[in-house]
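Participant: Quick one, structure for this:
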Amino acid sequence: MKSIQHHFAMLKELISELHIPFSQKERELLEMYTSLLLQWNQKTNLTSITNIEDIVIKHFFDSYTVVSVIHSSNYHTLIDVGSGAGFPGAVIALALPSLTVTLLESNHKKIAFLLELQRVLGLNNLKVIADRLENIIKTNGYTYDVAVSRATFPLNKWMAWGKKLTTKHGMVIGMEGKASDSLPPNCIRLPVKFPNGNRSLIIYST
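Facilitator: Numbering: from 1, shown residues only. This next block holds a predicted model:
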């Protein structure tokens, strides 16, 4: 059985291919994240992925692909809609501490986990909101620099809703799996190489 150190060394190599930094502190926080996720997942259904290698690739590295798109931009706020167990938003928050990240989740058991994750990892730039997307659009519409969602809605619907959350010069990011959907209007597809095949980010920016 490969050690957790091996898996995080692999993560570091994968992130280096995205041409973004990966600090020792980030690694330590992600190891804490892994431990807390597996602990909570025994009593709450947070994720079906419980193998550490799969967590590293399918959750952590997948989240860092979004970091690679926004890390050098002058964005201040990001919302992750349907954050679940914190992917990609919580990972983005620990990788980019100058960015204020809001996690939107309607499941109260997952909210409890996200609040505990925020406390344990000491993520002061992380906000957790228990609500639904339609309510946030009404109250906080057009206020975020970046809106992202992973596998929560059909791609076309998410890109349309995401536009209602972002500022005039903001960005909407959809995370596409191995299968490619038709590209929504005015969007670009950014392929990302994964160990088990390519995936893509779908990006709309004004």
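Participant: In the longest helix that the chain contains, which of the residues would be classed as buried?
Facilitator: Longest helix in the chain, counting residues (DSSP state H): helix 24-41. The neighbour-count check on helix 24-41 (16 or more other Cβ atoms under 10 Å) flags 26-27, 29-30, 33-34, 36-37, 40-41 as buried. Bear in mind the C-beta positions are built from the backbone N, C-alpha and C, glycine included.
Participant: residues making contact with that helix?
Facilitator: 4, 8, 11-12, 46-47, 50, 52, 55-56, 60, 85-86, 90-91, 94-95, 113, 116-117, 120-121 (Cβ atoms under 8 Å, 6 or more residues apart in numbering).
Participant: the helices in the chain, which residues?
Facilitator: So, for the chain - with DSSP H - the helices run 4-16, 24-41, 52-54, 62-70, 89-95, 108-121, 133-140, 155-163.
Participant: show me what contacts G170?
Facilitator: G170 makes contact with 75, 144-147, 205-206, according to Cβ under 8 Å, 6+ apart.
Participant: pLDDT, neighbour count and distance to N156 for those - can I get that in CSV?
Facilitator: Output for those, formatted as CSV (pLDDT from 0 to 100; neighbours: other Cβ atoms under 10 Å; distance: Cβ to Cβ, whole Å):
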residue, pLDDT, neighbour count, distance to N156
Y75, 97, 19, 24
Y144, 97, 26, 20
D145, 97, 20, 22
V146, 98, 26, 19
A147, 98, 30, 15
S205, 88, 15, 17
T206, 73, 11, 18
